[in-house]
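Participant: test case, fold it:
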Amino acid sequence: MADRDATPLATPLDDPLDDPVGASLRGRHAHLARRLGDAATYRQGVATFSSVPDDPDGRTWADLAHLLGPGELADLFSSPATPPPDWEPVFALDGRRLIWPDGRAPAESGEVTVLGADSVPGMLDLVARTRPGPFWPRTREMGDYLGVLDDGKLVAMAGERLRPPGWTEISAVCTAPEARGRGHAARLVGALVWRILARGDRPFLHVAESNTGAIALYEGLGFRTRRPVTFRGFRTP
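Facilitator: I've put the predicted structure just below:
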């Protein structure tokens with residue numbers, strides 16, 4: 001991996017990627033949002049991501065706890081905000097945010113299948129076998145999802161998740177163990193890049209720092225590191 005690929009790119013002020021969850025919930029995902037005061041989260045079954053301001057007060061944390069319910073996961077994604085002491089830490093994961101360079105044209109991609117509501121059982125089965133990250137029965141409603149079928153069975157998929165203004169996140173990139181090594185992930189990500197650019201957005205994605213194989217794949221396709229991030233989740237009291 002070249003040194004320049006790991007160097008964070010400069011970010012403008014008021015960048016919607018600084019708060020991709022909140023920017024999505026206030027904008028193109030407003031119809032999927034639950035809000036109370038300055039706290040927001042997704043509807044049940046869509047995603048567990050939650051949003052608060054960078055410096056929330058006690059009322060905001062109480063509002064988020066009310067939205068989620070007791071003993072529920074508050075996935076704060078990349079937010080730097082720290083909840084009160086009685087919120088139990090669940091996970092902290094180092095990762096990075098990668099973006100598609102402005103003006104870069106993607107390579108041609110092969111044939112893929114658009115996944116509709118009738119594909120959800122197969123999508124959930126593939127996620128259970130590959131564990132690409134959070135994916136729930138209604139996650140497909142966050143954006144377009146594409147797949148590769150082998151004899152009618154879903155063996156690979158990728159789709160769109162967070163959608164802050166001007167950007168669309170690529171997520172849930174996964175391939176069944178028996179179908180790996182055939183270029184399915186590259187084909188699906190390439191197809192999504194085409195679709196996102198065609199509607200005037202720029203693609204971005206997130207990856208765990210330990211997932212060196214995925215980082216190499218995305219950089220090979222043309223993505224560049226924007227910045228390191230830490231994903232954190234907490235349990236509500």
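
Participant: could you list the low-pLDDT ranges of the chain?
Facilitator: 1-14 (pLDDT under 70).

Participant: kindly recompute the last result at 80.
Facilitator: 1-14, 107-109 (pLDDT under 80).

Participant: burial check on Ala33, number of neighbours?
Facilitator: Look at Ala33: counted by other C-beta atoms under 10 Å, it has 18 neighbours. Backbone N, C-alpha and C define where each C-beta goes, glycine included.

Participant: now the helices for the protein?
Facilitator: 20-26, 58-68, 120-130, 184-198, 212-221 (DSSP state H).

Participant: most tightly packed of the ones you listed?
Facilitator: Across the helices of the chain, averaging neighbours per residue (mean count of other C-beta atoms under 10 Å) puts helix 20-26 on top, at a mean of 24.

Participant: which residues sit against it?
Facilitator: 16-17, 32-33, 35, 40-42, 49-52, 77-79, 162-165, 167, 169, 204 (C-beta atoms under 8 Å, 6 or more residues apart in numbering).

Participant: likewise for stretch 42-58?
Facilitator: 19, 21-22, 25, 29, 32-34, 38-41, 60-61, 64, 67-68, 73-77, 79-81, 84, 134, 136-139, 141-142, 161-162, 233.

Participant: figure out how far that stretch is from the centre of its chain.
Facilitator: 14 Å (C-alpha atoms, centre = their mean, to the nearest Å).

Participant: before we move on, back to that, show me which of the contacts of helix 20-26 are buried.
Facilitator: Buried members of the contacts of helix 20-26, counted by 16 or more other C-beta atoms under 10 Å: 16-17, 32-33, 40-42, 49-52, 77-79, 162-164, 167, 169, 204.

Participant: strands of the chain, start to end?
Facilitator: 33-36, 39-42, 50-51, 73-75, 88-99, 113-114, 145-150, 153-160, 167-175, 202-208, 224-235 (DSSP state E).

Participant: pull up the pairing partners for the fifth one, direction included.
Facilitator: What it means is strand 88-99. Sheet pairing of strand 88-99 (DSSP bridges) gives strand 202-208 (antiparallel), strand 224-235 (antiparallel).
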